[in-house]
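>>> next come a sequence and a model predicted from it.
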Amino acid sequence: MPELPEVETIKRDLEKQVLGKEICDMRILLPRAFENLHNTDVKGIINQISRIGKYLIIKINNLSGIDFLIVIHLRMTGKLIYHHSSKGFDEKHTRVVFLFNDGACLIFNDVRTFGKIEIVPINTRIESLKKIGIDALSEHFTFKLFYDICKSKKTPIKNLLLDQTLIAGIGNIYAQEILFLSKIMPTRPANSLKKKEIKDIYQNTKDILELAIQHNGTSISDFRRVDDKTGDFQNFLKVYGKKNCCICYADLIKIKQAGRSTTFCQSCQK
DNA sequence: ATTGCTTCCTGAGCGC
DNA sequence: TGCGCTCAGGAAGCAA
């Protein structure tokens, strides 16, 4: 599932593949893939691609009207695939197709249909980004800020890491990896953590997200890059989907937290 | 204010 | 082979 490193990988791929290209039309196969579909007149040149948390933001320079943004959240199974032709690709689970004036296209494919696209004129409030917290790789995400967030919440540290209104970008895979590397039990109330422990979690968050980006993300099941290739970081995971601890070989414990599975080592994580 | 449960959705994997 | 069941989970919406 695309978390910060996967979305960043897609962002970088898109910068190489579609930056400067002109969108001339859009095919909608699943209308509910859109958050608020007011304007279907999606035409213009892609002149900037950015990311905040797990959101991808594509800025369009509209030649005959107001510039706008295409804001995309891939959720569980969403993919953006570039295809050199607007024909001949696998139509299964294709929800939206952005057509370029050179005949190529960008396909939004999404098996479980949880992904969302929002198209908004520039300088308007983006509904989906309204409540989002600070990006985990932003320079403004400082240790002091993270320390204060932890000290102000008694929720389990894993739930805190997953709360996008506090810190944006961490999902279920990386939250577990961060806590394993930090040797912290995912169930620990955030405000019970010592300064050194918070420091470790903070540093591991930055380190693992950056390392995962270097490996083009984690392809557990559905994640694919824009050219349909997989990332590599699944080969470096230490707890997610594992049965035994890679340090002490003990059986890993699996529990549910906030409706999502958590795997951890009872003896290595305190 | 805060926390936690339910809902959306499809395919993979499993036991029989 | 095929059926029915469980599981995967991000975030909105709602309830406590």
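Sure, I can see it. Everything numeric in this text was worked out from a predicted model, so none of it was measured.
>>> what about the strand or helix carrying A:Asp200, average pLDDT?
Assessed by DSSP states H and E, A:Asp200 sits inside helix A:195-214. For helix A:195-214, the mean pLDDT works out to 96.
>>> helices or strands up against that helix?
helix A:4-17, helix A:143-151, helix A:157-162, helix A:172-181 (3 or more Cβ pairs under 8 Å, 6 or more residues apart in numbering; DSSP states H and E). C-beta here means a position set from N, CA and C on the backbone, and glycine is covered the same way.
>>> DNA strand C is nearest to which of those helices?
Between DNA strand C and those, the tightest spacing by Cβ to the nearest atom of the strand is seen for helix A:172-181, at 3.6 Å.
>>> that closest one near DNA strand C at all?
Yes. In terms of Cβ under 7 Å from any atom of the strand, part of helix A:172-181 sits within range of DNA strand C, namely A:Asn172, A:Ile173.
>>> show me where chain A has its strands.
Secondary structure of chain A (DSSP state E): strands at A:22-28, A:44-52, A:55-61, A:68-73, A:78-83, A:94-100, A:105-110, A:116-121, A:134-135, A:167-168, A:253-257, A:260-264.
>>> would a markdown table of these with mean neighbour count and distance to DNA strand B be doable?
Putting the strands of chain A into a markdown table (neighbours: other Cβ atoms under 10 Å; distance: least, Cβ to the nearest atom of the strand, whole Å) gives the following:
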| stretch | mean neighbour count | distance to DNA strand B |
| --- | --- | --- |
| strand A:22-28 | 16 | 16 |
| strand A:44-52 | 17 | 21 |
| strand A:55-61 | 20 | 17 |
| strand A:68-73 | 22 | 12 |
| strand A:78-83 | 23 | 12 |
| strand A:94-100 | 21 | 11 |
| strand A:105-110 | 24 | 9 |
| strand A:116-121 | 20 | 10 |
| strand A:134-135 | 20 | 16 |
| strand A:167-168 | 23 | 14 |
| strand A:253-257 | 13 | 8 |
| strand A:260-264 | 18 | 9 |
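>>> relative to A:Phe34, which of those strands is closest?
strand A:116-121 (5.3 Å; Cβ to Cβ).
>>> what's the closest one packed up against?
For strand A:116-121, the packing partners by 3+ Cβ pairs under 8 Å, 6+ apart are strand A:68-73.
>>> the strand it packs on - contacts with which helices or strands?
If you count contacts as 3+ Cβ pairs under 8 Å, 6+ apart, strand A:68-73 packs onto strand A:55-61, strand A:116-121.
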